[in-house]
Each structure stands twice: as structure tokens, then as C-alpha cells.
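Asks: need coordinates for the below:
(one chain, ligands or ions: 1)
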Amino acid sequence: MAIATPADLADIDLTDLETFVQRTPHDWFKRLRDEDPCHWQDEKSGRGFWSITRYEDILALQKQPLVFSAGVGGTSLDDLTPEQVEARMSLLDMDPPRHTRLRALVNRGFTPKAVKVYEDRIRMLIRTILEETMPDREFDFVDRISIELPMQILSDIMGTPLEDRRTLVNLGDRLLGNTEPEFVGDLVKDQSDLSQYAHLPFSSPAALEMFDYALGLADLKRAQPGEDVVTILINSEIDGDRLSEHEFKLFFLLLITAGNETTRHTMSHGLQALLENRDQLDRLCADPSLAGSAAEEIIRWATAVHHFRRTATEDVEVHGRTIREGDKVVLWFTSANRDERHFDAPMRFDVGRTPNKHMAFGLGGPHYCLGSHLARLEIKVWLEELAPYLPDLHLNGPVDRMRSNFFNGIKRIPVRYEGDRV
Ligand code: HEM
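Replies: Predicted structure coming up:
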């Protein structure tokens, strides 16, 4: 749905979640990139933040992780005390060198070579899911496919029992969808006082349930070790010390949420983009060798994580604006991925786009997505297996978006399948 661009830059409100329910406000981001690339945004219930919207600027800031720190104030927009930051600090909210040591524990399991061993398993899973779903003819693509595939794969990698997958999906929804009433009811972050939960990731009480789950699983893995990430985490040491119980819980929560929600929403956006751009769908179906570039384009197009926040640790000048030490600085990956200074015709969905060095996984900094190779592989294989069904898939109702300016989430995509492959 088109909404008029506000007449005044000051009327752009990137904290207005109702706008994000309707669309990603690419028109606003274009305006900011063109006219005020380091833009001050007031917040109703916060200190306000700087919005960085150009590709090259975000890249430059990411290359200075100690000046634009993830660790000083965390990566969410919440205004936290140092104690709260420390209490909820996962890999994602840590600065080097602490970050480097922790990341080294799991890095090896997520290299291109390491994830390649999952390819056959991913293919088998997606085939089964598609074969079970298509005969129903009319279904919600998110519920039946986009939720299922990433979580089933993650269950394998993490060592979580498959039958628990919906419990984990639900907890992830409540954590990352903390501004979406459908997921959290009255505990909507921008409308409730969640200060009692500020020491928890995403200021969400769902974190406590995820922590309990993690500890229960750790007990199981101690009794029956596997080759999974949880077994690795409970046995690994940094400089001779095991991970503390708290570090383990935070790491588990990060991996479960980062590994399932992002890929889910990317697939959902990918499907929507293909169904709404049937020339690109036909092109992909006619030439399956495009699956790799199409997957990359879907990841750019979706940009499942709109932004992450940093905190300036010194006064810095950006485009003539003085960012003061302690200010919140928001890196809008979603805007960088439509920056016409970097991409040719960025508003065009192009399954053959090359080069396509997008920022959906971050770029240039130490927090570059740990699961990027896994996500790429999942989406490519998903596309290859989905392609034979695609010409006969059609939207069957409105696409339902999440109320969030953090996650570019899709809650439902009703579809109808009219083909013979059942
Ligand atoms: C299309 C899917 C995905 C997208 C769009 C995505 C996006 C991101 C982004 C934007 C970041 C932060 C980058 C930065 O701050 O510079 C990140 C970090 C991270 N992602 Fe992903 N991600 C995806 C899939 C995955 C998967 C499958 C996993 C696997 C478990 C994963 C695990 C992580 C972890 C652990 C981090 C923190 C890394 C660190 O702080 O060192 N992600 N991801």
C-alpha cells in the first residue's frame, strides 16, 4: 500500500511501527540517503538515535567496532544500564577481543565446507515438506514451509529434539517479535513497561523459558553427548575455562533465534517476490542454474534484519553531524541494500543480479553473520526444490506483516497450488 512521503524530513518516524506493518518505508530511506544520511531520530520512549542509511557509511562504521561499539550499549534500541547490558550480553553484543574468543568456539561449524555436509539433508527435508504440503492446495506458506525448514535444519545442528521445534519457534517469535501483539499479547514492548525485564535479551520474559530449555538440554547432552553445537558448547573452554552457565544460555538463545527467524522471513519474502514478479519466476524456472544468484537476491531483497544498533565511544563527525560519545547509532541494513549509489536499479528484483554484495548479513565488521553460509545453502536448495511447483503457486489473500522496525517479518502468506505434482 502506498503512503505519501512526509513533506518534512522531521516527519519521518522510523519508530512508527504501524508503517512497518504496511510496508518497509523504502521511500523514507531513499529520502534520508539523499538528503540527510546521518539523521537524528527522536524516540517517544528513548534517548533518540542517529540513523545511518548509506551503504558506504555503514561499511565504514562497521570497520571501527571499538568506536561504534556493540558492547557498550548492546545492539537493540533499548536504553540500558551497564549492568543490564552485561547481563544480556551474547556474542552479538560483545566487542573484540572478548567477541573474537567466543566466536572461535563455533566458527568451524559454520564454514562453507562444514555446512556443505548438510546439503543432502536439507534437500531431503524440503522435498518431504513440499510433498506433504502441496496436496492441501490452499495453505499458509509461512506456517507450512518457511517455519518448518529452517527449524528442522537447526534442530539437527543444535541437537534439539525435532518434536520441540514449535516450542522453540514460538519462543523465538516472542523474543524477536516483542513489538507484535499477535506474539506477545499485552506485553508489547513499545506500549508496556518492560523495565523489570531489561536485564533479559529483548527485554522479554520469554528469555527465561528459553534459558530453562537450554539448561534442560545441556543436562541431556552431558548424559548423552552428540556431535551437535550444544554438546560442543558445554564442553568447550576459553583460556582453560568452561563457558559459564549464563554464557551458555545466552549463546543458545542467540543461535536458536538467529538461525531460525531470519531464514524463515527471508524465504517468505522470497516467495512473495517471486509470485509478484512472475517474469523473474519464469526466468528462474527456465534456468535452474540461477538458483545461487536468485538466493542471494532474495536475501538482499528481504533484508530480514532491518537494523542493528551501536554506541559511539567518542565524538565523531559524520556528514557534518557530530555524533557524541554515548549516542545510539543505528545501521539500517535495509536501506543500504537499496542504495542506488551501490546497486544498479536496487528496487528491481532480479534473480540474475551479479555482483550482489549486499548487507543483509552485515558486512565489514566482526559480527558478520555466523550462519550466512548455512542460510545461503538452505535458500538455494529450497529454491531448487520449490522451482517445479512455482509456476502453479499463486497468492490467495493478503500477506500479513509483522509489527516491527527490527525484523522484516512476515506472519502469513496464503497461497493456492494449482499444479499436478501432488
Ligand atoms: C537469511 C538469513 C540470515 C540473515 C538475514 C542474518 C542476518 C544477520 C545479521 C544482520 C547479523 C549481524 C551482523 C552485524 O551486526 O554486522 C547476524 C549475526 C549473526 N547471525 Fe545471522 N542471519 C541469518 C541466518 C543465520 C543463521 C542460519 C544462523 C545460524 C545459527 C545465524 C547466526 C548468527 C549469529 C550467531 C550472529 C552473531 C555473530 C556475531 O556477533 O559474531 N544467522 N546475522
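Asks: for the protein, what spans make up the strands?
Replies: Taking DSSP state E as the criterion, the chain contains strands spanning 38-41, 49-52, 68-69, 138-140, 237-238, 241-242, 307-312, 316-318, 321-323, 328-332, 393-395, 400-401, 410-412, 414-417.
Asks: and for the nearest residue to Asp16 once chain neighbours are set aside, the neighbour number?
Replies: In this structure, Asp16 finds its nearest non-sequential neighbour in Asn405, 7.9 Å apart by CB to CB, 6 or more residues apart in numbering. (C-beta placed from N, C-alpha, C; glycine too.) Neighbours of Asn405 under the rule other CB atoms under 10 Å: 24.
Asks: tell me how far Asn405 lies from the ligand.
Replies: Separation of Asn405 from the ligand (CB to the nearest ligand atom, to the nearest Å) stands at 14 Å.
Asks: as TSV, the strands of the chain with distance to Glu163 and mean pLDDT would be great.
Replies: Conversion of those to TSV gives the following (distance: least, CB to CB, whole Å; pLDDT from 0 to 100):
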stretch	distance to Glu163	mean pLDDT
strand 38-41	43	98
strand 49-52	41	98
strand 68-69	40	98
strand 138-140	21	98
strand 237-238	32	83
strand 241-242	29	83
strand 307-312	33	98
strand 316-318	50	98
strand 321-323	48	98
strand 328-332	38	98
strand 393-395	29	98
strand 400-401	27	98
strand 410-412	23	98
strand 414-417	26	98
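Asks: which positions in the stretch 51-200 of the chain make contact with the ligand?
Replies: 62, 91-92, 103 (CB under 6 Å from any ligand atom).
Asks: and the residue in the stretch 101-250 of the chain that the ligand sits nearest to, what does it touch?
Replies: Residue nearest to the ligand within the stretch 101-250 of the chain (CB to the nearest ligand atom): Arg103, separated by 4.9 Å. Residues near Arg103 by CB atoms under 8 Å, 6 or more residues apart in numbering: 91, 366, 370.
Asks: now render the residues you listed as CSV, adding neighbour count.
Replies: Listed next are the contacts of Arg103 as CSV, based on neighbours: other CB atoms under 10 Å:
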residue, neighbour count
Leu91, 21
Pro366, 18
Leu370, 20
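Asks: need these in TSV with distance to Asp287, can you?
Replies: Output for those, formatted as TSV (distance: CB to CB, whole Å):
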residue	distance to Asp287
Leu91	39
Pro366	37
Leu370	31
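Asks: quick one: which of those residues sit in helices?
Replies: Among the contacts of Arg103, no member falls in helices (DSSP state H).
Asks: mind pulling up the pLDDT for the closest residue in space to Pro96 that isn't next to it in sequence?
Replies: Once flanking residues are discounted, Pro96 sits nearest to Pro366: 5.6 Å by CB to CB, 6+ apart. Per-residue pLDDT puts Pro366 at 97.
Asks: same deal with Ile145?
Replies: The model's pLDDT for Ile145 equals 98.
Asks: repeat for Arg353
Replies: 98.
Asks: tell me how many other residues surround the closest residue in space to it that isn't next to it in sequence.
Replies: In space, and not counting its chain neighbours, Arg353 is closest to Glu297: 4.8 Å by CB to CB, 6+ apart. Neighbour count of Glu297, defined by other CB under 10 Å: 24.
Asks: now Gly240
Replies: Gly240 sits with 5 neighbouring residues when counted by other CB under 10 Å.
Asks: before we move on, back to that, now the strands of the chain in CSV, with distance to Arg353 and mean neighbour count?
Replies: Converted to CSV, the strands of the chain look like this (distance: least, CB to CB, whole Å; neighbours: other CB atoms under 10 Å):
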stretch, distance to Arg353, mean neighbour count
strand 38-41, 28, 19
strand 49-52, 24, 24
strand 68-69, 29, 23
strand 138-140, 29, 15
strand 237-238, 40, 11
strand 241-242, 45, 11
strand 307-312, 23, 24
strand 316-318, 29, 15
strand 321-323, 32, 16
strand 328-332, 20, 24
strand 393-395, 22, 15
strand 400-401, 24, 18
strand 410-412, 22, 20
strand 414-417, 25, 19
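Asks: export those strands to JSON lines and tack on distance to Ala214?
Replies: What follows is these, written out as JSON lines (distance: least, CB to CB, whole Å):
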{"stretch": "strand 38-41", "distance to Ala214": "35"}
{"stretch": "strand 49-52", "distance to Ala214": "31"}
{"stretch": "strand 68-69", "distance to Ala214": "27"}
{"stretch": "strand 138-140", "distance to Ala214": "29"}
{"stretch": "strand 237-238", "distance to Ala214": "18"}
{"stretch": "strand 241-242", "distance to Ala214": "15"}
{"stretch": "strand 307-312", "distance to Ala214": "23"}
{"stretch": "strand 316-318", "distance to Ala214": "38"}
{"stretch": "strand 321-323", "distance to Ala214": "37"}
{"stretch": "strand 328-332", "distance to Ala214": "29"}
{"stretch": "strand 393-395", "distance to Ala214": "37"}
{"stretch": "strand 400-401", "distance to Ala214": "30"}
{"stretch": "strand 410-412", "distance to Ala214": "26"}
{"stretch": "strand 414-417", "distance to Ala214": "34"}
